[in-house]
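>>> Structural data only, the sequence is not supplied:
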């Protein structure tokens, strides 16, 4: 008994000591001080060197945390108890956060660099007049394929994914709207369709794709494609860029029937405790040279038109990742369909996955 | 309450508090949420929805895979546990089997992606012995295989303990009274280890019903379990009501399994 009490005492003492040292260290590093901001971003979605540069230039420490889904991020902000100053939701999530009153309206006078953003990417339906959000990166949904593993199949049309030669070779992304979207696109319907008739038609058609599907997975697909384990994958443009970067045989195409155009956007959530710091950070990230460096690192497409001149011609002229306005006409931005319809999409998708063999 | 020792209540307090806060309260919250729809209206629709074909099929397939996993885990674990009790340094051998279960589950799962891949060692071996490369990853087989691998230590432990407790003189007695090896196993060893087998089945079958990361990483979402469905309802669809309803059914199923596998049979003298 005596031994037990004394060991409990030692544990408490050691914990207290560690806590104190930690506090001291954080204090020294300025982390607990006033001039800190907490940035909450997707994984691998910023060049870490830029965070250092920002800390040096502005004297504001950055605490950087990451998330892997819009829903997870929103949940954490909604529950409170966090002090995120900047976060990066996708377009439909901006709309949802706005509806739930989780965002602070932006004051453009504090973000002079906003002038560098291509007007094409401003004032979009999900956030009219950019009241709450500024585009950070954008991209498309398309098909990544490895020609060296295929027998000359091409993917100009979504229909090609139904081709019998792809039996057990196609990898789909585990996301209801993207996969059902393939079918909707191939039938010529809107990606934002809420008509049950159209959705039923689309999933009926999708079910006939079943024998071609090898797996429905998440980010693991990058590694499978890079290692030549898989030959065709439905994926996002940035992910395809990562694959191409590591494996030259891979190519990316957005089929001609059209596809999804998506945006991730910088916002200031209501939880922010250092709004001034958040503005400084946003303005810093919109600086053309910074944005160019960031886009080079991340691999997605930047909406910052002044940044393009600081980047490789080879990248910015690449129609696959920077489609011109003509090509963008076929692309559609997701709208927030409401939880009810989202539930319908997910249930149909669940049914599709359960039918896979 | 014959024993009115006030200390008893003090000793019981941590347990009671634990039970209340971490067992009862969460279940009450889950049941409570299961009666609300997306717009926060009180409803029974979630329960009606659960009995539609899609969730019913999901439940059936979850049970089927959990059954397969438990069956194969038992098939491998029982002889292994028996063998272990006969070895010289049995605690050491047991430890070697237990050690892998200390490694993070996700890490092991990712390792299997590499092992079972097209260019992984398993396919290289099949290629070398002339069988030729196979698609192993993203099949029913890989899912059951990896799950069995993960659950085996949890099955071996209780069986090993019950086998180890058998008094060897009982076996001698059985032999002296003319029983052959098979009859000894059937009439003496097996009845004395059923409790271990039952708790082994419990600790494998119940978590197997709600496995979820492995379904995506190893089975490529071609196998969907109740666990996956719950995760999706909460994180993607954000329909907490429906997610809770599935969770309520999962709790009911687990409870039924506990009852079915814990019925003590009489006649075994310890």
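Cool, got the structure. All of these numbers come straight from a predicted model, not from anything done at the bench.

>>> Could you point out the helix or strand that follows the one helix or strand residue A:4 maps to?
Applying DSSP states H and E as the criterion places residue A:4 in helix A:2-28. The helix or strand immediately downstream of helix A:2-28 is strand A:36-42, counting by DSSP H and E.

>>> Please name the residues that touch residue 133.
Going with chain A. Contact analysis of residue A:133 by CB atoms under 8 Å, 6 or more residues apart in numbering or on different chains lists A:89, A:94, A:103, A:106, A:127, A:265-267. (Each C-beta comes from the backbone N, C-alpha and C, glycine too.)

>>> could you do chain B instead?
Contacts of residue B:133 by CB under 8 Å, 6+ apart are B:118, B:123, B:126-127.

>>> Any part of the helix holding residue A:4 near chain B?
No: Helix A:2-28 is not in contact with chain B by CB under 8 Å from any CB of the partner chain; minimum separation 15.1 Å.

>>> quick check: angle from that helix to strand A:36-42?
Following axes from the mean of the first three to the mean of the last three CA atoms, to 10 degrees, one obtains 100 degrees for the angle between helix A:2-28 and strand A:36-42.

>>> Distance check, residue A:193 against residue A:291.
Separation of residue A:193 from residue A:291 (CB to CB, to the nearest Å): 34 Å.

>>> which parts of the stretch 251-357 of chain A sit against chain B?
For the stretch 251-357 of chain A, the residues in contact with chain B (CB under 8 Å from any CB) are A:339-340, A:342-343, A:346-347, A:350-351, A:353-354, A:356-357.

>>> From those residues, keep the buried residues only.
Neighbour-count burial (16 or more other CB atoms under 10 Å in any protein chain shown) is assigned, among these, to A:342-343, A:346-347, A:350-351, A:353-354, A:356.

>>> Would you map the helices across the stretch 51-200 of chain A?
A:70-79, A:91-99, A:176-186, A:196-207 (DSSP state H, counting those that start in this stretch).

>>> nope, the stretch 101-250 of chain B is what I meant
Using DSSP H, counting those that start in this stretch, the helices of the stretch 101-250 of chain B run over B:105-116, B:121-128, B:140-164, B:168-176, B:181-184, B:190-209, B:213-217, B:226-235, B:240-262.

>>> Which of the ones you listed sits closest to chain A?
The closest of the helices of the stretch 101-250 of chain B to chain A is helix B:226-235. By CB to the nearest CB, the value is 5.0 Å.

>>> Highest neighbour count among the contacts of residue A:133?
Among the contacts of residue A:133, residue A:89 has the most neighbours (other CB atoms under 10 Å in any protein chain shown), with 29 neighbours.

>>> quick one: the closest residue in space to that one that isn't next to it in sequence and residue A:194, what's the gap?
Spatially, and ignoring its direct neighbours in sequence, residue A:89 is nearest to residue A:70 (5.5 Å; CB to CB, 6 or more residues apart in numbering or on different chains). For residue A:70, the distance to residue A:194 (CB to CB) stands at 20 Å.

>>> who's more crowded, these two?
Neighbour count, other CB under 10 Å: between residue A:70 and residue A:194, residue A:70 has more, with 22 against 14.

>>> ok, now which ones touch the more buried one?
The contact partners of residue A:70, taken as CB under 8 Å, 6+ apart, are A:89-90, A:92-93.

>>> out of those, which one sits closest to residue A:12?
residue A:89 (41.9 Å; CB to CB).

>>> That closest one against residue A:76, yeah?
No: taking contacts as CB atoms under 8 Å, residue A:89 lies outside contact range of residue A:76: 11.9 Å.

>>> Flag every buried residue along stretch B:170-186.
B:171, B:174, B:179, B:184-185.

>>> Contacts for it next, please.
B:187-189, B:192.

>>> now that stretch, how far from the centre of its chain.
With CA atoms, centre = their mean, to the nearest Å as the basis, stretch B:170-186 stands 32 Å off its chain's centre.

>>> Quick check: end-to-end length of that stretch?
13 Å (CA to CA, to the nearest Å).

>>> just stretch B:126-141 next, same as before
Note: stretch B:126-141 ends 16 Å apart using CA to CA.

>>> tell me the centre residue of chain B?
Geometric centre of chain B, nearest residue: residue B:204, 1.6 Å, by CA atoms, centre = their mean.

>>> okay, residue A:357: pLDDT?
If you check residue A:357, the pLDDT there is 80.

>>> Name the nearest residue to it, ignoring sequence neighbours.
residue B:222 (6.8 Å).

>>> re earlier: in helices, which of the buried ones among the residues of the stretch 251-357 of chain A next to chain B fall?
Among those, the residues falling in helices (DSSP state H) are A:342-343, A:346-347, A:350-351, A:353-354.

>>> The residue nearest to residue A:357 and residue A:352 touch, don't they?
No: assessed by CB under 8 Å, residue B:222 is found out of contact with residue A:352, at 10.9 Å.

>>> Could you report the neighbour count for the closest residue to chain A within the stretch 151-270 of chain B?
Relative to chain A, the nearest point of the stretch 151-270 of chain B is residue B:220 (2.5 Å; CB to the nearest CB). Burial measure for residue B:220: 25 neighbouring residues, criterion other CB under 10 Å.

>>> list the contacts for it?
Listed by CB under 8 Å, 6+ apart, the contact set of residue B:220 reads A:171, A:214-217, B:137-138.

>>> Equivalent analysis for residue A:131, please.
Contacts of residue A:131 (CB under 8 Å, 6+ apart): A:105-106.

>>> Let me see the confidence value for it.
For residue A:131, the model assigns a pLDDT of 95.

>>> for residue B:97, same thing?
89.

>>> Pull the residues that contact the helix or strand that contains it.
Per DSSP H and E, residue B:97 falls inside helix B:90-98. Helix B:90-98 is contacted by residues B:80, B:84, B:87, B:152-153, B:156-157, B:160, B:164 when judged by CB under 8 Å, 6+ apart.

>>> before we move on, what about stretch A:96-103?
A:74, A:77-78, A:89, A:94, A:127, A:132-133, A:267-271, A:336.

>>> Start and end of that stretch, how far apart?
So stretch A:96-103: terminal residues 10 Å apart, CA to CA.

>>> mean confidence score for it?
Throughout stretch A:96-103, pLDDT has a mean value of 93.

>>> do the same with stretch B:69-76
pLDDT averaged over stretch B:69-76 gives 97.

>>> same check, this time on stretch B:102-112
What stretch B:102-112 shows for mean pLDDT is 91.

>>> Now it: buried residues?
B:109-110, B:112.

>>> What of stretch A:267-281?
A:267-269, A:271-272, A:274, A:277-281.

>>> which other helices and strands contact whatever helix or strand residue A:238 lives in?
Element membership for residue A:238 (DSSP H and E) is helix A:237-246. Judged by 3 or more CB pairs under 8 Å, 6 or more residues apart in numbering or on different chains; DSSP states H and E, helix A:237-246 is in contact with strand A:133-146, helix A:220-226, strand A:250-253.

>>> Which residues does it contact?
Here helix A:237-246 makes contact (CB under 8 Å, 6+ apart) with A:137, A:139-142, A:144, A:219, A:221-222, A:225-226, A:235, A:250-252, A:254, A:298-301, A:320-321.

>>> Quick check on the residues you listed: which are buried?
A:137, A:139-142, A:144, A:221-222, A:225-226, A:235, A:250-252, A:254, A:298-301, A:320-321.
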